[in-house]
Structures are given as structure tokens and as C-alpha cells.
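*Asks:* Predicted structure and sequence below. I'll ask about it afterward.
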Amino acid sequence: MTSIVPERILRPTPGQTVGPFFAYGLEYPKQHEVAFSHSPGAILLGGTVYDGAGAPVPDALVEIWGADEHGVIPRARGAIRRDDHTFTGFGRAFTNDDGRYELWTREPGFETRPPASGAPQPVRAVAAPFFAAIVFARGLPDKLHTRIYLPDSAAALAADPLLASLDDGERATLIATRTDRGRLEHDIRLQGEGETVFLAF
Amino acid sequence: MPERTAAAPEALLASPDQAAQQAITAEIVALHAEYEARDAAGERLPLTMHDFPPYRSSLLRHPTKNPKLVDPETIELASPAFGQRDVAAIEADLTAQHAGEPLGERITVQGRLLDSWGRPVPNQLIEVWQANSAGRYIHQRDQHPAPLDPNFTGAGRAVTNANGEYLFTTIKPGPYPWKNHANAWRPAHIHFSVFGSSFTQRLVTQMYFPGDPLFALDPIYNSIPLQHDRERLVGVYDHDLTSPEWATGYRFDIVVDGADASWFEPEEQE
């Protein structure tokens, strides 16, 4: 399939750090409420961003982008103007002074095609659902892509091509933990022991 | 790992070693020479180095492993949906957000959002933020003793039109001191945050102004290894964009890159 992709003709614009003062430029109301927190199926996804010395990073931001509970990619507008009922799949959370980010969202379902009629149809029998995530921070010269997989389906996780290419320690950095209160916990380590696996495409 | 308490963010802003500018510049020159040699030898360097020691706060924040090359999944080849009605027109005019007019040199910054194949990227969100004309950010943690401007916040948003075009009206930001090293100053810049048509194309960058004497001294600008890539972040003064008796004009085109698969059009675009 990639053989018919033509040559690129423009060199991309390089990225730069988001800097220390992004909050007033990037903040918008309810930015971390991908799903209204009191709606059915809403869950809290949160964790701490750590640096290479194991210290929390208080000036990072985490963005997530995910499919809806049927695995369908959201096409509704409203990610930057929340109406408390439309699911747009996109959210943004700044870390607080303890390095913690939190997002209210819904868990992505198994990948499906939008329904032509009736229920959405699965694309593949097994495709481990994940949130696509990007980390930015002061002191981080460019963005970092990663994934946050749901922990529940062992069969789907075992069949995932990316996870299959990693060792156990690396794989663990991409899979969220479900707490006894039903929340998803997922720390991000920028450097060193337990360094999160970051992605290039 | 033992529980660690986060340091107050403002305490992190000053690097502990406070090297002299001369030492920082020498580090930059040596690294650039190394990058140019690697590039000449055929190595494909990242567009921006994550590991760039002259930028001191990156020392503990850059990954030590190479990113894992993966085929993007469907969700990564799509992007949140934005539309012209998501942003009010006034949000693209940073000089019109208060009762009075901000002090400084009024400018317009306009350009096109393109992909690597030269195609315009319509209906995507661009967010900008910047210091005022005195080099002061409105952020509470900015302690630079330059005046705040009651008529300038310094944040704006726009959604690209059907041709991928955007336009901001603002004032030219001032250079800004920071604590990376002794007597460190950032070249004047506007922060840009951009969405492409796939999430893999997401970009946060900075636009600079032509001829800035601080370019060679700045660890952030120079975290881009190659000169022709650094120049791509410098807005181009364009007299045809300058309006008489009103504002000088700069052009800043932005190219977002994604995976090969982002060549293919998404199934639906609003």
C-alpha cells in the first residue's frame, strides 16, 4: 500500500519546546473533560509524569485522542468548546504541582467501522484499544508520541503488533493499570528506569 | 521508586550551573559541527534533538532510547474535528481583546498549513501565545521585571480556511530573559500549536523574526540540528503583506509531517 505514496516535496517544520508559559496559550474550559464526568461510562484516566531523577514534572501537558466506546473515530466537533454531551475523543490536561494529569473520558472500544445501518461492524476480530497520547513539557525540545492501552483484554494485548515487538518491561510502560475504584492509572516516565516507550511513525 | 515531592515549578526554572553564555555557545557550536558531519555521512537526524544539553532543563527530561518506529493505527491517522465556528474571528486578533490597544509594533502573521506533499490542510486548529512588546509573559510564574500591558494577553486561536490559510494580528514580542544560563535571552518568538489531518502530524513550535542577533546564542532555537531547518522557523518579512498606515506583515508557512499513510485522505472531512 505504501508503494503508491508519492515522494514528499516539502521538508516539515521542526518542533520546539512548549516552554514554561503554555498555560495561558493552550488552556480552555473543560479541556480535560473528554466525557462529562457524570455521564454513563465516564472514567478517570490519570497519572504522574516523572523526569529522569524520578521527580514529578509539574509543567508538562498530556493530550489524548481516542475512539468512542464502539471503536468508532469521533467526527463531531466541539473538542475545544465542550457541550457536556458530545464525545469528541480529544482532551488536554496540564500536570499540576505534583506532576499529575487527569482526564475524564470513555474507554475506546474495539475498532469498528461506522454503522451504515444497524450496529458498528468490527474491522478486526482483535485490535487492542488504546488512547493515542502526546506529551509536551518545558525542557522537552519536541513532542513525544505514545499509547495508553486498556489493560483488560489479554488476548487483544498479546496480538497487538507494537506490544509484541517489546520486552516485558517496555510493554508495561504502555498499558494502564485499573485501580480497585475502576479508574485507569498510567504514569509517564520521560527518562531512565522504566522509561516510557515513545513512538515514531 | 520512593515517593518524591515535586519542586515548586518556579524553582525549576533556573539551571543549577548557570554557565556563561560563551560556554553555552561553545557547546552549541561543537554539537552543530557533529550533527553536520553525521548528516553529511548520510545519517537521518531528527528535525529537533530531544537530547540537547545546552538546553539545561532538557537534561533529565529527554528519553534515552530511540523512539519505536510503528505503523500508525486508524485512530492515529485521524485527528479531532474542528470547524470555522469553533473559534470566534476576534480570537485571531490579539490586539482587540481589551478595551484599549496594546503598546508595540503591530504586525500580521499569516501563512498556509501544508502537509509534506504540499497539500493545504483545511479546518485545523492553530493556537498561538507570546510575550508582550516588552518581553513579558502574562503567566504568573514569569518574574521578568518588564511591564505587563493591560491591553495585551498574548493568546489567540484560528482555524485554517479551505485553502489551509490562517492570519493573526498581534504585536511583535520582545526578547525575553530566562535562567538557562547566566545572562540568557530568548530571541523574540511566537509559540504555535498546530493540528494536522492526522494525530501523528501534531506540532508545537515557535516562529522567530528575521535577523535576530540572539539566534546563535539560544539553546532552544539551536536544538534543531541543521541550519536550513532552523531557518524554516524564521518568519519571512513580506512587504506585500504589509498594510499602509497599519501593520507590517510576516509570512510563516507550516508543514506538518505524518506517516506515509497520512497521504491517503481521511474517509470524511467536514
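*Replies:* That came through fine. Residues are numbered from 1 along each chain as shown, chains lettered A, B, ... in the order given.

*Asks:* Buried ones in stretch A:176-194, by neighbour count?
*Replies:* Within stretch A:176-194, the residues that qualify as buried by neighbour count (16 or more other Cβ atoms under 10 Å in any protein chain shown) are A:176, A:183, A:184, A:186, A:187, A:188, A:189, A:190, A:191. C-beta: built from backbone N, CA, C; applies to glycine.

*Asks:* Now for those residues: which two are most distant?
*Replies:* Pairwise distances across the buried residues of stretch A:176-194 (Cβ to Cβ) peak at 25.8 Å, for the pair A:183 and A:191.

*Asks:* Is it possible to get CSV of the buried residues of stretch A:176-194 that adds distance to residue B:166, pLDDT and secondary structure?
*Replies:* Compiled in CSV, the buried residues of stretch A:176-194 are given as follows (distance: Cβ to Cβ, whole Å; pLDDT from 0 to 100; DSSP: H, G, I helix; E, B strand; the rest coil):
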residue, distance to residue B:166, pLDDT, secondary structure
A:176, 36, 98, coil
A:183, 38, 95, coil
A:184, 36, 98, strand
A:186, 34, 98, coil
A:187, 36, 98, coil
A:188, 31, 98, strand
A:189, 36, 98, strand
A:190, 31, 98, coil
A:191, 35, 98, coil
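
*Asks:* near chain B too, which of these?
*Replies:* Among the buried residues of stretch A:176-194, the ones lying near chain B by Cβ under 8 Å from any Cβ of the partner chain are A:190, A:191.

*Asks:* burial measure for residue 173, as a count.
*Replies:* I went with chain A, as the question did not name one. Residue crowding around residue A:173 was assessed by other Cβ atoms under 10 Å in any protein chain shown; the count is 19.

*Asks:* if you could check chain B rather than the one you did, that'd help
*Replies:* Applying other Cβ under 10 Å, we find 28 other residues in the vicinity of residue B:173.

*Asks:* Same check on residue B:11?
*Replies:* Under the neighbour criterion other Cβ under 10 Å, residue B:11 is assigned a count of 9.

*Asks:* would it count as being in a helix?
*Replies:* Yes: when DSSP: H, G, I helix; E, B strand; the rest coil is applied, residue B:11 is found to be in a helix.

*Asks:* Let me see the contact set for the residue of chain B at minimum distance from chain A.
*Replies:* When you check chain B against chain A by Cβ to the nearest Cβ, the closest residue turns out to be residue B:129, at 2.4 Å. Taking Cβ atoms under 8 Å, 6 or more residues apart in numbering or on different chains as the criterion, residue B:129 is in contact with A:21, A:22, A:24, A:25, A:26, B:154, B:155, B:156, B:190, B:191.

*Asks:* Could you do residue A:138 as well?
*Replies:* For residue A:138, the set of contacting residues under the criterion of Cβ under 8 Å, 6+ apart consists of A:17, A:18, A:19, A:20, A:22, A:59, A:60, B:12, B:57.

*Asks:* Looking at these, spot the one nearest residue B:18.
*Replies:* residue B:57 (12.8 Å).

*Asks:* right, and that closest one touches residue B:180 too?
*Replies:* Yes: counting by Cβ atoms under 8 Å, residue B:180 is a contact partner of residue B:57 at 7.1 Å.

*Asks:* got any residues that touch both of the two?
*Replies:* Common neighbours of residue B:57 and residue B:180 (criterion: Cβ under 8 Å, 6+ apart): residue B:15.

*Asks:* quick one: least confident of the contacts of residue A:138?
*Replies:* When it comes to pLDDT, residue B:12 is the least confident member of these, at 75.

*Asks:* That residue reaches residue A:53, doesn't it?
*Replies:* No: judged on Cβ under 8 Å, residue B:12 makes no contact with residue A:53 at a distance of 11.4 Å.

*Asks:* Comparing the two, which shows the higher neighbour count?
*Replies:* Of the pair residue B:12 and residue A:53, residue B:12 is the one with more neighbours under other Cβ under 10 Å, namely 21 against 11.

*Asks:* Could you measure from that one over to residue B:181?
*Replies:* Distance from residue B:12 to residue B:181, counting by Cβ to Cβ, to the nearest Å: 15 Å.

*Asks:* in the chain, which spans are helices?
*Replies:* By default, I'm working from chain A. Taking DSSP state H to define them, one finds helices in chain A at A:23-26, A:154-159, A:161-164, A:168-172.

*Asks:* oops, I was thinking of chain B
*Replies:* With DSSP H as the definition, chain B shows helices at residue ranges B:9-12, B:21-40, B:227-231.

*Asks:* mind checking which of those is nearest residue A:127?
*Replies:* Checking these against residue A:127 by Cβ to Cβ gives helix B:227-231 as the closest, at 35.9 Å.

*Asks:* Any idea how many residues pack against the one residue in chain A that gets nearest to chain B?
*Replies:* With Cβ to the nearest Cβ, the shortest gap between chain A and chain B falls at residue A:25, namely 2.4 Å. Number of residues near residue A:25 (other Cβ under 10 Å) recorded here: 25.

*Asks:* Check the one 10 residues further on too.
*Replies:* Neighbourhood size, residue A:35 [other Cβ under 10 Å]: 25.

*Asks:* so where's chain B uncertain?
*Replies:* For chain B, the stretches with pLDDT under 70 are B:1-10, B:265-270.

*Asks:* Mind doing that once more with 50?
*Replies:* Applying pLDDT under 50 to chain B flags residues B:1, B:267-270.

*Asks:* what's residue A:15 in contact with, if anything?
*Replies:* For residue A:15, the contacting residues are A:141, A:142, A:143, B:47, B:48, B:203, B:204, B:205, by Cβ under 8 Å, 6+ apart.

*Asks:* swap that for residue A:177, sorry
*Replies:* By Cβ under 8 Å, 6+ apart, the contact list for residue A:177 reads A:151, A:184, A:185, A:186.

*Asks:* Give the bridge partners for it, please.
*Replies:* The residues listed as beta-bridge partners of residue A:177 by DSSP bridges are residue A:185.

*Asks:* can you pull the pLDDT of it?
*Replies:* You'll see residue A:177 listed with a pLDDT of 98.

*Asks:* repeat for the one 3 residues further on
*Replies:* The predicted local distance difference test score for residue A:180 is 87.

*Asks:* Now it: phi and psi?
*Replies:* Per-residue torsions, residue A:180: phi -70, psi -10 (degrees, to the nearest 10).

*Asks:* number of nearby residues for residue B:264?
*Replies:* For residue B:264, the neighbour count with other Cβ under 10 Å is 12.

*Asks:* Next one: it from residue B:117, what distance?
*Replies:* Counting by Cβ to Cβ, the gap from residue B:264 to residue B:117 is 11 Å.

*Asks:* what does residue B:92 give?
*Replies:* Between residue B:92 and residue B:117 the distance, using Cβ to Cβ, works out to 27 Å.

*Asks:* Compare those two (neighbour count), which wins?
*Replies:* Of the pair residue B:92 and residue B:117, residue B:92 is the one with more neighbours under other Cβ under 10 Å, namely 22 against 15.

*Asks:* who's in contact with the more buried one?
*Replies:* Residue B:92 is in contact with B:156, B:157, B:158, B:166, B:167, B:168, B:169, counting by Cβ under 8 Å, 6+ apart.
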